[in-house]
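Colleague: the following block contains a protein sequence and its predicted model.
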Amino acid sequence: MSRRCQLTGKKANNAMAVSHSHRRTHKLQQPNLQWKRVWWPQGKRWVRLKLSTKAIKSLETKGLHAMAKEAGIDLNKF
């Protein structure tokens with residue numbers, strides 16, 4: 001499985017590491033991903049998702065069903 005948030009689609013960002021002498025080298029900035037068990041009331045069961053911490057915070061306000069609908073995800077597969 002790729003390092004991507006299943007609800008928001010966040011993934012790695014290409015960036016530059018800049019040294020003191022201003023030498024620039026490529027690096028990847030990975031998103032802060034966590035495995036999270038979330039209660040899905042419509043399905044009456046737990047769903048295990050790989051989420052970014054931003055998505056976990058948004059889940060508390062929007063709800064799982066609304067965020068999955070925005071992302072176009074079928075929660076029955078998880």
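Modeller: Nice, thanks for sending it over.

Colleague: tell me what the helix or strand harbouring Lys57 is packed against?
Modeller: Per DSSP states H and E, Lys57 falls inside helix 53-62. Judged by 3 or more Cβ pairs under 8 Å, 6 or more residues apart in numbering; DSSP states H and E, helix 53-62 is in contact with strand 33-40, helix 64-71. For every residue, glycine as well, the C-beta is placed using N, CA and C.

Colleague: report the angle between it and strand 33-40.
Modeller: Relative orientation of helix 53-62 versus strand 33-40 (axes from the mean of the first three to the mean of the last three Cα atoms, to 10 degrees): 20 degrees.

Colleague: sorry, back to before: out of the helices and strands packed on helix 53-62, nearest to Gln6?
Modeller: Nearest to Gln6, of all the helices and strands packed on helix 53-62, is helix 64-71, at 7.4 Å by Cβ to Cβ.

Colleague: what does that closest one rub up against?
Modeller: Outside of helix 64-71, the residues within contact range by Cβ atoms under 8 Å, 6 or more residues apart in numbering are 6-9, 38-42, 47, 55, 58-59, 74-75.

Colleague: try it again with 7 Å
Modeller: Residues from elsewhere that reach helix 64-71 (Cβ atoms under 7 Å, 6 or more residues apart in numbering): Leu7, Gly9, Val38, Trp40, Gln42, Ser58, Leu59, Leu75.

Colleague: and for stretch 49-56?
Modeller: Contacts for stretch 49-56 (Cβ under 7 Å, 6+ apart): 1, 5-8, 10, 31-36, 38, 78.

Colleague: using CSV, lay out the helices and strands packed on helix 53-62 together with mean neighbour count, distance to His22 and mean pLDDT.
Modeller: Shown next, in CSV, are the helices and strands packed on helix 53-62 (neighbours: other Cβ atoms under 10 Å; distance: least, Cβ to Cβ, whole Å; pLDDT from 0 to 100):
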stretch, mean neighbour count, distance to His22, mean pLDDT
strand 33-40, 14, 31, 97
helix 64-71, 15, 40, 95
